[in-house]
Structure formats: structure tokens, C-alpha cells
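# following is a predicted model, sequence given first.
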Amino acid sequence: GQQVMQIPQYQHVQEGEDFTTYCNSSTTLSNIQWYKQRPGGHPVFLIQLVKSGEVKKQKRLTFQFGEAKKNSSLHITATQTTDVGTYFCAGPDSNYQLIWGAGTKLIIKP
Amino acid sequence: DSGVTQTPKHLITATGQRVTLRCSPRSGDLSVYWYQQSLDQGLQFLIQYYNGEERAKGNILERFSAQQFPDLHSELNLSSLELGDSALYFCASSLNPGGSSYEQYFGPGTRLTVT
């Protein structure tokens, strides 16, 4: 079946360093969604990308959707402690159900 | 606050028991989704209801069942509980039936501990 692979599983960064998580689908996606889950919290919707090659920015966060609509990335510039959490990507399958990536946990080194 | 409510927040029970988790979706949302998240793991989709009818099934065990009521709230029933069922159970809601074009709003979750 359709799979959405997300890497890395964990990323440790110093505060102020950049962070990137990558999402790859086994099939072409009609759209991709990104969510953030803070420690002890619930997933919160961040953004949806729909168009091939689309790039969207939210302050220090940059989201990209690949030209083939099979991959996506989330890049955070100059991480802050408030960025800590797990970032999930999710894309719909042929039955319009979201298939979730395993998530990338962002850890800020003390 | 997402607008999705879940009760109870915490539940501790013994193996072999049965529990019911409750979810109220955001006002106006017709779809309800149930997810299981084990410690430091990803989200496992269990089941979706749309306007009272089952819409999609994921990796839901036969010991688990759910329903959505006319007022759109949903309940997830877990029976013959095993230690491995200990997890966070999230409910999410969205406007449309497919869930692919609209974002999902998650509730705060119910933490189930089976001892």
C-alpha cells in the first residue's frame, strides 16, 4: 500500500541552528499536510501544500512541495526552544484517507 | 484550544476490562477520526466516521469498536484490554468526509494505562 516515509526520526540541534525534516511518498500526492505535536500535547495543523513546486513560509518555517508532488520538506531557520516537538507530514491515499509519516522529533541540545 | 473535546483525560484499568472513550468534534465538523499513539511513536489511524456512518478503517483491532451518534459525538470502545493497549488515544475532526483536503483538528487525547 501507499507509504509516507519521513526522515530523520530524531534531530538534535543547538538552539539557533537550522532544522529540516523530509517526507517522501511512494505515490503522487494531491496535497500534503504538516502538523506539529509539542511534548505532552496533541498534533496541531500547520499548513497544507497543494501545487507542484509550491513553497510557503510561516515566519522561520519554510515548507516545500516537490515538483513531482511525491516529496516535501519543512525547514526551520534558527531554531528556538519553542520549536521543540515532533513534526508530522501526512498525505491522502486513493481513498482520500490521510497516510501519516512517522514524524521527526526536534530536540534542542542544552 | 482546537474545539475538540475528549473525556476522560486519563484512564487506568486492568487487563481484561472494557473502557469507553468519548469525543465531541468541533462545531460543524461531520467527520471524526480515532488515532492511537504509543509512547514516542507515530499516529496509528484506527477508524473514521462521517455523519454517523463508518467511512474508513485503519489498523483497528477486532476488540475495538466505535460509533458516531446523531449529535455527532463519537465513542471508542476498547474491550478485553491488554497491556499493549496502553497508549494515547486521540480523536480528530474535520469538515469533509474524505479528510484529504481539509485539516484535522485534534482533541487533547485520552491517556489509557492498562495494568
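Great, that's in hand.

# would you list the phi and psi of A:T82?
Dihedral pair for A:T82: phi -70, psi -10, per degrees, to the nearest 10.

# and B:L83, by the same measure?
Per-residue torsions, B:L83: phi -60, psi -40 (degrees, to the nearest 10).

# now it: closest residue in space, sequence neighbours ignored.
B:V114 (5.4 Å; C-beta to C-beta, 6 or more residues apart in numbering or on different chains). (Each C-beta comes from the backbone N, C-alpha and C, glycine too.)

# so what's that neighbour bridging to?
Beta-bridge pairing of B:V114 under DSSP bridges involves B:T13.

# using the three-state scheme, assign the residue most central in space within chain B.
Ranked by distance to the mean C-alpha position of chain B (C-alpha atoms, centre = their mean), the top residue is B:W34 at 3.0 Å. For B:W34, the assignment made with DSSP: H, G, I helix; E, B strand; the rest coil gives strand.

# what about it, distance to chain A?
According to C-beta to the nearest C-beta, to the nearest Å, B:W34 stands 13 Å off from chain A.

# okay but that residue is in contact with B:C91, surely?
Yes. At 5.8 Å, B:W34 counts as touching B:C91 under the criterion of C-beta atoms under 8 Å.

# now for the two: what residues contact both?
Shared contacts of B:W34 and B:C91 (C-beta atoms under 8 Å, 6 or more residues apart in numbering or on different chains): B:C23, B:S74, B:L76.

# looking at those residues, state which has the most neighbours.
B:C23 (27 neighbours; other C-beta atoms under 10 Å in any protein chain shown).

# any chance you could map the strands in chain A?
Remark: strands assigned in chain A by DSSP state E are A:4-7, A:10-14, A:19-25, A:32-37, A:43-49, A:55-58, A:61-65, A:71-76, A:85-92, A:98-100, A:104-109.

# looking at those, which one has the lowest mean pLDDT?
Mean pLDDT is lowest for strand A:98-100 among the strands of chain A, at a mean of 89.

# hmm, back to that, any idea which of the strands of chain A gets closest to B:E82?
Evaluated over these, closeness to B:E82 peaks at strand A:98-100, with 23.6 Å, by C-beta to C-beta.
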